[in-house]
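Trainee: Could you look at this predicted model? Sequence included:
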Amino acid sequence: MAKKQFAVIGMGRFGSSVASALSNLGFEVLAIDSDEQKTQDVASIVTHAVSADTTDEDALRALGIRNFDVVVVAIGADIQASILTTLILKDLGVPKLIVKAQNELHGKVLSKIGADKVIFPERDMGLRVAHHLISPNILDF
Ligand code: ATP
């Protein structure tokens, strides 16, 4: 079976971490950011890095985004760009869409427009740390 192909949109701390981890695990990763400098920063780590505004449907089509198995949207502060990007990706038929949310309301909107999984990095990591702290293997922390 062919290896899954991933695209990650938004090379902030979260997106670049996801993209480089997937790449280190041996997967093909397309990294996208509207900021040329951000794409250059990850160009040597991922399979392809391109600069594009993902609120532009034609730009996403041109990248063949619907051929990727999983797309991660890691645009944070610009909630409008995050929502528009998610909507377009859904319309284009991306099979699995994972989107980072800035807050609860943002997360709700993302779920309603079809995100398959919504991630709250700070909240989710806080939960993990708390669970880890009360686990019997606390000395491993
Ligand atoms: P983190 O906490 O993960 O560092 P953040 O929540 O602060 O990220 P931003 O820095 O606002 O998120 O966005 C992440 C990246 O998304 C930025 O590098 C930004 O250039 C990119 N980005 C924002 N809007 C778009 C867009 N329309 N198309 C493509 N990339 C975009």
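Mentor: Arrived safely, thanks for sending. Please read all numbers here as calculations on a predicted model, not as lab measurements.
Trainee: and the nearest residue to Ala101 once chain neighbours are set aside, what element?
Mentor: In this structure, Ala101 finds its nearest non-sequential neighbour in Gly107, 3.6 Å apart by C-beta to C-beta, 6 or more residues apart in numbering. Bear in mind the C-beta positions are built from the backbone N, C-alpha and C, glycine included. Using DSSP states H and E, Gly107 maps to helix 104-112.
Trainee: So which bits of that helix are buried?
Mentor: Buried residues in helix 104-112, counting neighbours by 16 or more other C-beta atoms under 10 Å, are found at 106-107, 109-110.
Trainee: where does stretch 80-99 sit relative to the chain's centre, distance-wise?
Mentor: 10 Å (C-alpha atoms, centre = their mean, to the nearest Å).
Trainee: Which residues belonging to it are considered buried?
Mentor: Residues of stretch 80-99 classed as buried: 81-89, 94, 97-99 (neighbour count, 16+ other C-beta under 10 Å).
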